[in-house]
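>>> All I have is the shape, not the residue letters:
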């Protein structure tokens, strides 16, 4: 069945997509662990999976399809916030893999509802802001008095995360005509990276570090939302390369703003 869905794209192209995406994800994941939460958090908020996914999609699909897919990816990121909140809420009393099952169920339930909404970037952006604010408010009560620890992830984790992300990108972009803009957009933004990272931190660094990391990710996901919203607006109006560059610039600008705000809040106050 999978071979039928991907028959429109040569296997060599699928392999290149998978390996290229895996390399990018592994490199950024390594930097997250190597340089700590400030730089790592900034890099984690960049579209390391969405970027390659839409790059390959834009090379084979019309601009209108790319814009609609980006709009549905923006809605999918609202479901990602539900994923993060659910894992945060369950983490204190639930084993990691059961937490992940609950969080994925929450994402699926939210995505099934969100797929019924019209794909409009402005409405999606407003909905994302509202969902994020609510999740931040609800998730604050679960945060424990300990920040995420710094540590390098093992090569095995990086390889698993990269290959899973690469497989997702290759399959979704290859089967995009069969999935349609709705399915492709929702699946491209599926929190596969958060899934691997959440279980690993939960197992190796404990509940407090896991909750602090995912609570921070609630705000970091805004950079991904900026990427999708900018691409949805720009794709029908500009060339594919220009639209992707604008989306990446929007994501990086928001990430930089969040990092500078965090540094300002963390700086010591002198009187």
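Thanks, I have it. Being a predicted model, the structure only gives us computed values, none of them experimental. Numbering: from 1, shown residues only.
>>> Return the distance of the residue nearest to residue 136 when sequence neighbours are not counted relative to residue 228.
In this structure, residue 136 finds its nearest non-sequential neighbour in residue 218, 5.5 Å apart by C-beta to C-beta, 6 or more residues apart in numbering. Where C-beta positions appear, they are placed from N, C-alpha and C, glycine not excepted. Distance of residue 218 to residue 228, given as C-beta to C-beta, to the nearest Å: 16 Å.
>>> Over to residue 255?
14 Å.
>>> Tell me which stretches of the stretch 1-150 of the chain form strands.
For the stretch 1-150 of the chain, no strands turn up when DSSP state E, counting those that start in this stretch is the criterion.
>>> need the helices for it, in chain order.
2-5, 11-44, 50-58, 63-91, 96-114, 121-139 (DSSP state H, counting those that start in this stretch).
>>> Could you check the last one and say which residues are buried?
Neighbour counts using 16 or more other C-beta atoms under 10 Å place 121, 124-125, 127-128, 131-132, 135, 139 of helix 121-139 among the buried residues.
>>> Comparing the helices of the stretch 1-150 of the chain by mean pLDDT, which bottoms out?
Mean pLDDT across these is lowest at helix 2-5; the value there is a mean of 42.
>>> Which one of residue 218 and residue 228 is surrounded by more residues?
residue 228 (31 against 21; other C-beta atoms under 10 Å).
>>> what's the pLDDT at that one?
Reported pLDDT for residue 228: 96.
>>> my guess is it contacts residue 69, does it?
No - here residue 228 lies out of contact with residue 69, judged by C-beta atoms under 8 Å, at a distance of 9.0 Å.
>>> picking that back up, surely the residue nearest to residue 136 is in contact with residue 132?
Yes - with contacts counted by C-beta under 8 Å, residue 218 reaches residue 132, the gap being 6.2 Å.
>>> Show me whatever sits in contact with both of the two.
residue 81 (C-beta atoms under 8 Å, 6 or more residues apart in numbering).
>>> And the pLDDT at residue 164?
pLDDT at residue 164 comes out at 67.
>>> just so I have it, where are all the helices in the stretch 151-271 of the chain?
155-174, 176-188, 192-204, 207-234, 240-266.
>>> from those helices, which stretch is densest packed?
helix 207-234 (a mean of 24; mean count of other C-beta atoms under 10 Å).
>>> Would you mind measuring from the residue lying closest to residue 107 once chain neighbours are set aside to residue 205?
Among residues not flanking residue 107 along the chain, residue 83 sits closest, at 4.1 Å (C-beta to C-beta, 6+ apart). Per C-beta to C-beta, residue 83 is found 19 Å from residue 205.
>>> Out of those two, name the residue with the larger neighbour count.
Using other C-beta under 10 Å as the criterion, residue 83 and residue 205 rank with residue 83 on top: 29 against 17.
>>> can you tell me which residues contact that one?
103-104, 106-107, 110, 191, 194.
>>> ok, now with 7 Å
Residues near residue 83 by C-beta atoms under 7 Å, 6 or more residues apart in numbering: 103-104, 106-107, 191, 194.
>>> For residue 77, state which of the residues you listed is nearest.
If you rank the contacts of residue 83 by distance to residue 77 using C-beta to C-beta, residue 191 comes first, at 8.7 Å.
>>> pretty sure residue 217 contacts residue 195?
No - counting by C-beta atoms under 7 Å, residue 217 stays clear of residue 195, with 11.7 Å between them.
>>> Next up, the contacts around the residue lying closest to residue 240 once chain neighbours are set aside.
Distance criterion C-beta to C-beta, 6+ apart; nearest residue to residue 240, sequence neighbours excluded, is residue 58 at 4.0 Å. Applying C-beta under 7 Å, 6+ apart to residue 58 gives the contacts 66, 240, 244.
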